[in-house]
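1. Sequence below, structure please.
(one chain, ligands or ions: 2)
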Amino acid sequence: MKKIAIVGNPNVGKSVLFNVLTKRYVTVSNYPGTTVEVSRGETLIDNVKYEVIDTPGMYSLLPITEEEAVARRILINEKPDFVIHVIDGKNLERMLSLTLQLVEASLRVLLVLNIMDEAEKEGVTIDTHLLEKELNIPVVKTVSTAGIGIEDLKKRISAHERRL
Ligand SMILES: Nc1nc2c(ncn2[C@@H]2O[C@H](COP(=O)(O)OP(=O)(O)OP(=O)(O)O)[C@@H](O)[C@H]2O)c(=O)[nH]1
Ligand SMILES: [Mg+2]
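-> Ligands and ions are numbered 1, 2, ... in the order given. Okay, the predicted model is just below:
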């Protein structure tokens, strides 16, 4: 089965997005040899079945915490077909360095700007087309808690898939 890994800093909405994408067949288990819990589920996007992995929060690909080490090992060992990097739209600049690290590691990255409801309330505006051009990866705005942007994200994943 194809795999999608959801990664990003702690508290950006990775697990909310995971739950929106995977309504069935969810399992939670400790990553082998650790006490870190990893959730796995399945989703169907444009008739392609994917395993979705909710990884622990990470700030960098160079791990300091056990959680970060697990997230890194998932990316290296499980070779996901897609990596969804979830960012808090209020803290775009601080979080983009991880996006660049993921891209440089030759992972197939989609950038999700989540919590856009709060970002917009704070007056944050983000030009996603410009970001897409600069980063050369798909960029999608979401409000995961309200299901906003999820269809768009799925469309971008299947469009990416067809280009492989
Ligand atoms: N307003 C708003 N809140 C959100 C959104 N997405 C997630 N949240 C909230 O953000 C908090 C963190 O969400 P989680 O999904 O647990 O974050 P996480 O990235 O899995 O965090 P870790 O597992 O600790 O790394 C929760 O209280 C969510 O309800 C969003 O789009 N808008
Ligand atoms: Mg989580």
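2. where do the strands sit along this structure?
-> Using DSSP state E, the strands assigned to the chain run over residues 2-7, 24-30, 37-45, 48-54, 82-88, 109-114, 139-141.
3. Could I get the buried residue list for the first one?
-> By neighbour count, and taking 16 or more other C-beta atoms under 10 Å as the criterion, the buried residues in strand 2-7 are 3-7. Where C-beta positions appear, they are placed from N, C-alpha and C, glycine not excepted.
4. which residues does the closest residue to residue 152 other than its chain neighbours bridge with?
-> Taking C-beta to C-beta, 6 or more residues apart in numbering, and ignoring the residues beside it in sequence, residue 152 has residue 140 as its nearest neighbour in space, at 5.2 Å. Partner residues in beta bridges with residue 140, using DSSP bridges, are residue 112.
5. Does residue 140 touch residue 149 like I think?
-> Yes. With contact defined as C-beta atoms under 8 Å, residue 140 reaches residue 149; the gap is 5.6 Å.
6. Find residues that contact each of those two.
-> Listed as contacting both residue 140 and residue 149 by C-beta atoms under 8 Å, 6 or more residues apart in numbering are residue 112.
7. which non-adjacent residue is nearest the residue nearest the centre of the chain?
-> Here the mean C-alpha position of the chain is nearest to the C-alpha of residue 84 (C-alpha atoms, centre = their mean), at a distance of 2.6 Å. By the measure of C-beta to C-beta, 6+ apart, the closest residue to residue 84 outside its immediate chain neighbours is residue 6, 4.8 Å from it.
8. so that neighbour bridges to which residues?
-> For residue 6, the beta-bridge partners are residue 54, residue 84 (DSSP bridges).
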